[in-house]
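> Pasting the sequence and the predicted model now:
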Amino acid sequence: MTQGVNLGEMIMHHTADAYSIGIEPFFRYSWNKWPDVHIGSLTLNFTPTRHLILFAFAGLLVFLTMRIGARSVMRRHREGKAPHGFGGVVEAAVLFVRNDIAIANIGHDGAKFAPYIMTLFFLILYSNLLGLFPHLATPTGNLAITGALALTAFLTIEISGFMKLGFKGYMRTIFPPAPGLTGAGAAVMSIAMAPIELIGKLVKPFALAVRLFGNMTAGHFVILSMFGLIFLFGKLAVWNWGIGVLSATLVLGIMLLELFVAFLQAYVFALLTSVFIGLLQHEH
């Protein structure tokens, strides 16, 4: 049996996206891929995948968390009491994201962006945590999903910056003035810097997407590889139990580290998005 285990196939089966979902060996539901949609030379396919379904489920969890937490807090306020229990935890998390992430890095306009930043934080957090449950997957381990999240951040950063600075002010972020130069020299330098500024605008969301994707994928690869040691060395008559206990201990430690990373990456994504919004909002 151990000779029949393909470790690489097992790792890819648990980390790659698929058109199926389930809890083996109890049930597994699969569906066929929908026909492609052709728009000119562009070919698209809108078939939902496992990662997309779990990402939507994470969104539902965010909604339920905010809904139940808000109702609990409001009920306690009507009774003239301080929030406690689940409502108190949700309120503390919301205040932390609003005050210490959004407002602290964006400034006095941070309250306007707080709902978006909170949505990012909790959506990424739940998506990260789903992958720690058996038979589920991590939606943020899919580059398409992290790229979509980064795209929303990019649009929020640039559109809000354009509205804050106006057309002239926003164009100065692409064609920055050259200190100490005037006339034709300043114009040439400003035009020469434009490609660098544009690349910088694109690199920020790209870094957000790749950082989140890489961190969430790497942990699962390490965990599954450690479990694979049990199958690879399971036939050793003397050391098999020792290898099994050692592998399980290492996996437990990495799982605890992954739990910390799940919170950390949600925090980092929300924090950097707030920083980028604030930088453009206060561009002079």
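Perfect, I can see it now.
> Give me the nearest residue to residue 281, chain neighbours excluded.
Nearest residue to residue 281 in three dimensions, chain neighbours excluded: residue 164, at 5.1 Å (CB to CB, 6 or more residues apart in numbering). (Each C-beta comes from the backbone N, C-alpha and C, glycine too.)
> residue contacts, that neighbour?
By CB atoms under 8 Å, 6 or more residues apart in numbering, the contact set of residue 164 is 109, 280, 281.
> And the most centrally placed residue in the chain, what's its pLDDT?
Note on the chain: the residue nearest the mean C-alpha position is residue 124, at 4.3 Å, using CA atoms, centre = their mean. At residue 124, the predicted lDDT confidence score is 95.
> which SSE is it in?
Using DSSP states H and E, residue 124 sits in helix 110-130.
> and whichever helix or strand comes after that helix, which residues are buried?
Per DSSP H and E, the first helix or strand lying C-terminal to helix 110-130 is helix 143-174. Neighbour-count burial for helix 143-174, counted by 16 or more other CB atoms under 10 Å, picks out 145-147, 149-150, 153-154, 156-158, 160-161, 165, 170, 172-174.
> Now do helix 143-174 and helix 110-130, the angle between them.
If you take axes from the mean of the first three to the mean of the last three CA atoms, to 10 degrees, helix 143-174 sits at 150 degrees to helix 110-130.
> Report the mean confidence score over stretch 66-82.
Confidence for stretch 66-82, expressed as mean pLDDT, is 88.
> List the buried residues for that stretch?
For stretch 66-82, burial by neighbour count (16+ other CB under 10 Å) applies to 66, 69, 72, 73, 76.
> residues contacting the fourth one?
Residues touching residue 73, when contacts are defined by CB under 8 Å, 6+ apart, comprise 83, 87, 88, 90, 91.
> and it, helix, strand or coil?
helix (DSSP: H, G, I helix; E, B strand; the rest coil).
> got the contact list for the residue of the chain positioned farthest from its centre?
Seen from the C-alpha centroid of the chain, the residue lying at the greatest distance (CA atoms, centre = their mean) is residue 183, 45.4 Å away. Residue 183 is in contact with no residue at all, counting by CB under 8 Å, 6+ apart.
> any idea how far it lies from residue 149?
According to CB to CB, to the nearest Å, residue 183 stands 44 Å off from residue 149.
> Can you list the low-confidence ranges for the stretch 1-150 of the chain?
Residues of the stretch 1-150 of the chain that meet the criterion pLDDT under 70 lie in 1-7, 10, 24-25.
> The stretch 151-284 of the chain too?
The stretch 151-284 of the chain contains residues with pLDDT under 70 at 180-181, 234-238, 283-284.
> All the helices of it, residue numbers only.
With helices called from DSSP state H, counting those that start in this stretch, the stretch 151-284 of the chain shows them at 183-232, 240-281.
> Just say which of these is most tucked in.
Most buried of the helices of the stretch 151-284 of the chain, by mean neighbour count (mean count of other CB atoms under 10 Å): helix 240-281, with a mean of 17.
> other SSEs contacting that helix?
Judged by 3 or more CB pairs under 8 Å, 6 or more residues apart in numbering; DSSP states H and E, helix 240-281 is in contact with helix 104-106, helix 110-130, helix 143-174, helix 183-232.
> circling back to that earlier point, just put the contacts of residue 73 in JSON lines and tack on neighbour count, secondary structure and distance to residue 178.
Shown next, in JSON lines, are the contacts of residue 73 (neighbours: other CB atoms under 10 Å; DSSP: H, G, I helix; E, B strand; the rest coil; distance: CB to CB, whole Å):
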{"residue": "83", "neighbour count": "18", "secondary structure": "coil", "distance to residue 178": "54"}
{"residue": "87", "neighbour count": "20", "secondary structure": "helix", "distance to residue 178": "54"}
{"residue": "88", "neighbour count": "15", "secondary structure": "helix", "distance to residue 178": "53"}
{"residue": "90", "neighbour count": "20", "secondary structure": "helix", "distance to residue 178": "49"}
{"residue": "91", "neighbour count": "18", "secondary structure": "helix", "distance to residue 178": "49"}
